[in-house]
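S.K.: Provide a 3D model corresponding to the input given below.
(one chain, ligands or ions: 1)
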Amino acid sequence: MDHDHRIQQEFARQAERFGAAPAVVDPAQTQPIVDAVGRAAAARVLDLACGPGIVSAALAPQVGALVAFDLTAEMLDAARRRCAAAGLANVSFERGSATALPFVDAAFDVVVTRLAIHHFERPARVLAEAARVLKPGGRLVVADVVAADDPAKAALQNAIERLRDPSHVRMLPAVDLSRLIADAGFAIDAETTWDKPRELEEWFGIVDDPARVAPLRVLVRALAERGEDAGMGLEPVNATVAFFHRWRLIVARKPAA
Ligand SMILES: C[S@@+](CC[C@H](N)C(=O)[O-])C[C@H]1O[C@@H](n2cnc3c(N)ncnc32)[C@H](O)[C@@H]1O
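M.R.: Model (predicted):
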């Protein structure tokens with residue numbers, strides 16, 4: 001199965017649960033992006049890999065026009081419903097791959113992408129596309145989960161993530177994510193990191209696949225009980241396991257021509 005097919009299969013499955021998950025819709029995970037974009041009544045904004053439109057719906061009231069873009073039809077349907085329910089009239093929806101954006105050069109003032117880079121097989125290619133469709137001087141806002149700096153812990157965490165969701169490719173350590181963005185030609189203006197507390201069963205519930213998560217539950221619990229935090233703060237708490245996702249927000253700029 002090629003990766004694009006795997007993405008669509010997985011996110012068709014996840015669309016409803018992901019879009020309703022408290023940890024995902026938590027405004028604290030969206031507000032830093034809203035603040036980074038700011039009030040921009042004339043701006044044309046691209047929400048790249050928009051999923052169920054959580055970021056799109058949060059941003060649309062403060063920008064001129066927003067394109068919500070994703071590969072997975074079920075996610076775009078969920079985004080359409082969310083924006084319609086919010087009465088947003090300045091959002092349009094387009095389906096396609098982030099590796100070949102169907103937009104002309106310099107079409108946008110702002111590109112945002114949340115929780116998506118770790119699902120891309122060719123993140124450098126996607127960032128090159130983001131640079132192409134941004135106007136000179138335009139802003140890129142990336143929010144993604146990052147791995148531990150320690151390679152062994154990062155490898156363990158990425159393995160757990162991949163077993164839970166086969167469309168997961170690789171969470172980068174924070175410095176590598178910043179380097180990827182700088183290497184795509186962006187100037188980085190600001191970077192912030194924070195830890196979002198999670199709970200295992202809530203996280204497992206999003207993928208809605210008991211056969212997949214049953215062995216993983218045993219594995220993660222055993223790691224936590226042996227004191228292995230896997231770079232994600234694994235900690236046994238009563239019948240479950242607590243952990244965190246480390247988020248990184250990077251605000252960058254395409255240099256003016
Ligand atoms: C974890 S969800 C994040 C959704 C949304 N950005 C959010 O933060 O709520 C990842 C999304 O990336 C999309 N995606 C993954 N690879 C893609 C690609 N190559 N092109 C476009 N969308 C992609 C998936 O379909 C999915 O909706």
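S.K.: Residue 88 belongs to a helix?
M.R.: No. Counting by DSSP: H, G, I helix; E, B strand; the rest coil, residue 88 falls outside a helix, being coil.
S.K.: how close does it sit to the ligand?
M.R.: 16 Å (CB to the nearest ligand atom, to the nearest Å). C-betas here are computed from N, CA, C, even on glycine.
S.K.: Which residue, neighbours along the chain excluded, lies closest to that residue?
M.R.: Using CB to CB, 6 or more residues apart in numbering and skipping the chain neighbours, the partner closest in space to residue 88 is residue 60 (4.6 Å).
S.K.: My guess is that neighbour contacts residue 66. True?
M.R.: Yes. Residue 60 lies in contact with residue 66 (CB atoms under 8 Å); the separation is 4.9 Å.
S.K.: what about the nearest residue to residue 106 once chain neighbours are set aside, helix or strand, and which?
M.R.: Residue nearest to residue 106 in three dimensions, not counting chain neighbours: residue 135, with 4.5 Å by CB to CB, 6+ apart. Using DSSP states H and E, residue 135 sits within strand 134-146.
S.K.: Quick one: list the elements packing against the next helix or strand after that strand.
M.R.: Under the assignment DSSP H and E, the closest C-terminal helix or strand after strand 134-146 is helix 151-164. Helices and strands touching helix 151-164, by 3 or more CB pairs under 8 Å, 6 or more residues apart in numbering; DSSP states H and E, are helix 200-207, helix 210-225.
S.K.: Tell me the residues of the chain that contact the ligand?
M.R.: Within reach of the ligand by CB under 6 Å from any ligand atom, the chain has these residues: 7, 11, 24, 49-51, 54-55, 70-72, 75, 97-99, 114-116, 119-120.
S.K.: can you rerun that using 8 Å?
M.R.: Contact residues, the chain versus the ligand (CB under 8 Å from any ligand atom): 3-4, 7-8, 10-11, 14-15, 18-19, 24, 47-55, 69-72, 75, 96-99, 113-116, 119-121, 126, 143, 167.
S.K.: Quick check: which ranges of the stretch 51-200 of the chain have low pLDDT?
M.R.: The model of the stretch 51-200 of the chain has no residue with pLDDT under 70.
S.K.: Do a quick rundown of the strands in it.
M.R.: Secondary structure of the stretch 51-200 of the chain (DSSP state E, counting those that start in this stretch): strands at 63-70, 91-95, 108-114, 134-146, 187-199.
S.K.: Can you find the residue of this structure that comes nearest to the ligand?
M.R.: Residue nearest to the ligand within the chain: residue 51 (2.2 Å; CB to the nearest ligand atom).
S.K.: is it true that that residue touches residue 75?
M.R.: Yes. With contact defined as CB under 8 Å, residue 51 counts as touching residue 75 (4.9 Å).
S.K.: For residue 13, which non-adjacent residue is closest in space?
M.R.: Spatially, and ignoring its direct neighbours in sequence, residue 13 is nearest to residue 208 (6.2 Å; CB to CB, 6+ apart).
S.K.: From the opening residue of stretch 203-213 to its closing one, how far?
M.R.: End-to-end distance for stretch 203-213, by CA to CA, to the nearest Å: 10 Å.
S.K.: Perfect, that will be all.
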